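Novice: Predicted model and sequence below, questions to follow.
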Amino acid sequence: MIRLIKYFIFIFALAAMLFSQDDGSGGGEVPKSGTSGAQFLTISPDARFAGMGNAFVGYENKEASSPFYNPATMVYADGTSFMLGSVNWFAGIQYMAGAVAYKLNDRSAVGFHFRSLDSGSIRETTVLEAEGTGRTFSWKDIAYGLTYASYLTDRFSFGANLYWVKESVDLYDSKTGSWAVDLGTFYKTGFKTLNLGMSIKNFGSELDWDEKFDDYSGGVIEPDPEPFRSYHMPLLFQIGVTYEFFEDDDQQKLILAMDGVHPNDSKERINIGIEYDYLNIITLRSGLYSNHDSASLMAGFGLNLAEFVDQNIGLNYSVSRYGILGFVHQFSIGYTL
């Protein structure tokens with residue numbers, strides 16, 4: 001028990017160190033929106049958790065999507081599992097993600113995961129050719145890496161992701177990249193069905209394009225090119241709890257999840273989600289964000305096809321409302337051998 005407490009103290013201390021940097025404002029709240037890049041890392045790839053308001057860090061995830069949420073839960077994977085997700089993001093931007101989880105033994109598991117974003121064709125414009133140059137370009141992001149998770153006690157697990165992040169613009173052959181790390185812990189409290197989880201995501205060095213651009217002043221080009229500024233990844237600390245109702249009922253299950261979220265580039269918020277499962281066949285989900293600049297309500301459903309096709313296949317769909325930006329629809333599929 002003492003060892004367990006030490007792990008939690010370490011995680012809290014690390015999070016406090018990462019998020020307690022002085023913004024130099026001299027007082028008052030300074031908006032942090034737009035102060036980090038690689039935002040594709042914040043997109044939720046699994047429609048299951050997107051439909052629950054992304055309240056996931058304390059959820060006992062037995063599927064391959066665990067690296068994207070809390071890598072410590074990969075120890076609960078059943079054998080070998082696969083996951084593939086597709087998100088129809090704003091303005092025709094396409095996002096895809098996939099993962100594989102493999103149970104090494106009774107105490108540990110490993111996995112591979114990837115995420116990619118493609119903006120599609122964008123018309124190139126310049127200061128002198130504001131109507132367009134006749135050329136197009138596309139912005140592409142990709143992240144891929146490995147996951148390891150292990151039990152530290154019979155109720156406490158730890159997991160970590162190590163992955164490479166790359167951003168590029170094809171027309172100019174410009175690119176930047178860096179390594180990043182996620183850390184997660186998961187604890188079954190022993191009090192009925194109450195679970196606790198914590199994660200630190202997207203911890204890595206700044207992304208630096210190491211290139212320069214022509215700047216203008218009063219419509220006149222400056223004599224000396226300006227260097228692009230480096231930027232942070234969207235560092236995120238999340239702590240959450242889940243509680244399962246009807247745990248002794250074989251026909252239905254109800255899970256309530258709530259996460260506290262501390263990002264480095266926006267306001268703190270609460271994510272709340274609920275999941276109702278009937279007969280282990282159909283699942284209904286709903287969730288919300290408490291303090292987000294655009295996202296508000298989410299909903300979705302899932303189907304377990306194991307009763308129909310003799311294969312452990314799950315299909316999930318979710319829709320999320322992002323204010324004036326519109327709705328985001330996404331799908332995911334999971335398969336376990």
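Specialist: Everything's here; your move.

Novice: quick one: average pLDDT of stretch 281-297?
Specialist: The predicted model gives stretch 281-297 an average pLDDT of 93.

Novice: Now it: buried residues?
Specialist: For stretch 281-297, a neighbour-count test (16 or more other Cβ atoms under 10 Å) marks 283, 285, 286, 287, 288, 289, 292, 295 as buried. In short, each C-beta sits where N, CA and C put it, glycine included.

Novice: Now do the contacts for residue 119.
Specialist: Shown in contact with residue 119 (Cβ atoms under 8 Å, 6 or more residues apart in numbering): 91, 93, 138, 139, 140.

Novice: Kindly recompute the last result at 7 Å.
Specialist: 93, 138, 139 (Cβ atoms under 7 Å, 6 or more residues apart in numbering).

Novice: got it, and residue 281?
Specialist: Remark: with contacts taken as Cβ under 7 Å, 6+ apart, residue 281 is in contact with 304, 307.

Novice: what does stretch 170-178 rub up against?
Specialist: When contacts are defined by Cβ under 7 Å, 6+ apart, stretch 170-178 is touched by residues 124, 135, 137-138, 140, 164-168, 204-205, 207-209, 211.

Novice: Please apply the same query to stretch 222-234.
Specialist: Here stretch 222-234 has contacts from 36-39, 41-42, 165, 180, 202, 204, 206-209, 211-216, 263-265, using Cβ under 7 Å, 6+ apart.

Novice: still on that earlier bit, turn the contacts of residue 119 into JSON lines, including secondary structure and pLDDT.
Specialist: Supplementary listing: the contacts of residue 119 in JSON lines, determined by DSSP: H, G, I helix; E, B strand; the rest coil; pLDDT from 0 to 100:
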{"residue": "93", "secondary structure": "coil", "pLDDT": "96"}
{"residue": "138", "secondary structure": "coil", "pLDDT": "96"}
{"residue": "139", "secondary structure": "strand", "pLDDT": "96"}
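
Novice: just these now: which is nearest residue 108?
Specialist: The closest of those to residue 108 turns out to be residue 93 (Cβ to Cβ; 36.3 Å).

Novice: filter the contacts of stretch 222-234 to the buried ones?
Specialist: Of all the contacts of stretch 222-234 considered here, the ones buried according to neighbour count by 16+ other Cβ under 10 Å are 36-38, 41-42, 165, 180, 202, 204, 207, 209, 263-265.

Novice: Among the residues you listed, which lie within strands?
Specialist: Of the positions in the buried ones among the contacts of stretch 222-234, 165, 180, 202, 204, 263 sit in strands, assigned by DSSP state E.

Novice: ok, the residue nearest to the second one when sequence neighbours are not counted - contacts?
Specialist: To tie it back to what came earlier, the one meant is residue 180. If the residues on either side of it in the chain are set aside, residue 180 comes closest to residue 204, at 3.4 Å by Cβ to Cβ, 6 or more residues apart in numbering. With contact taken as Cβ under 7 Å, 6+ apart, residue 204 is in contact with 165, 178, 179, 180, 181, 233.

Novice: distance of the first one from residue 207?
Specialist: Meaning residue 165. Distance from residue 165 to residue 207, counting by Cβ to Cβ, to the nearest Å: 7 Å.

Novice: now swap in the last one and tell me
Specialist: When Cβ to Cβ is the yardstick, residue 233 and residue 207 sit 7 Å from each other.

Novice: Overlap of the contact sets of the two?
Specialist: Contact criterion Cβ under 7 Å, 6+ apart; residues bridging residue 233 and residue 207 by contacting each: 37, 38.

Novice: Which parts of the stretch 201-337 of the chain are helices?
Specialist: Remark: helices of the stretch 201-337 of the chain, listed N- to C-terminal, are 306-309; assignment by DSSP state H, counting those that start in this stretch.

Novice: ok, so of the ones in strands among the buried ones among the contacts of stretch 222-234, who is nearest residue 189?
Specialist: Closest to residue 189, out of all of those and judged by Cβ to Cβ, is residue 263, at 26.2 Å.

Novice: leaving aside the residues next to it on the chain, what's closest to the closest one?
Specialist: Nearest in space to residue 263, with sequence neighbours left out and distances taken as Cβ to Cβ, 6+ apart, is residue 236 at 5.1 Å.

Novice: all strands for the stretch 201-337 of the chain, in order.
Specialist: Residue ranges of the strands in the stretch 201-337 of the chain, as given by DSSP state E, counting those that start in this stretch, are 212-213, 216-217, 220-221, 226-227, 236-245, 252-263, 269-278, 282-289, 297-304, 312-321, 327-336.

Novice: looking at the ones you listed, which is closest to residue 113?
Specialist: strand 327-336 (13.1 Å).

Novice: Burial check on the residue nearest to residue 77 when sequence neighbours are not counted, number of neighbours?
Specialist: With Cβ to Cβ, 6+ apart as the criterion, residue 77 has its nearest non-adjacent residue at 4.2 Å, and that residue is residue 101. For residue 101, the tally of surrounding residues (other Cβ atoms under 10 Å) stands at 31.

Novice: The host helix or strand of residue 101 - what's its average pLDDT?
Specialist: Assignment of secondary structure by DSSP states H and E places residue 101 within strand 94-103. Confidence over strand 94-103 (mean pLDDT, whole number) is 97.
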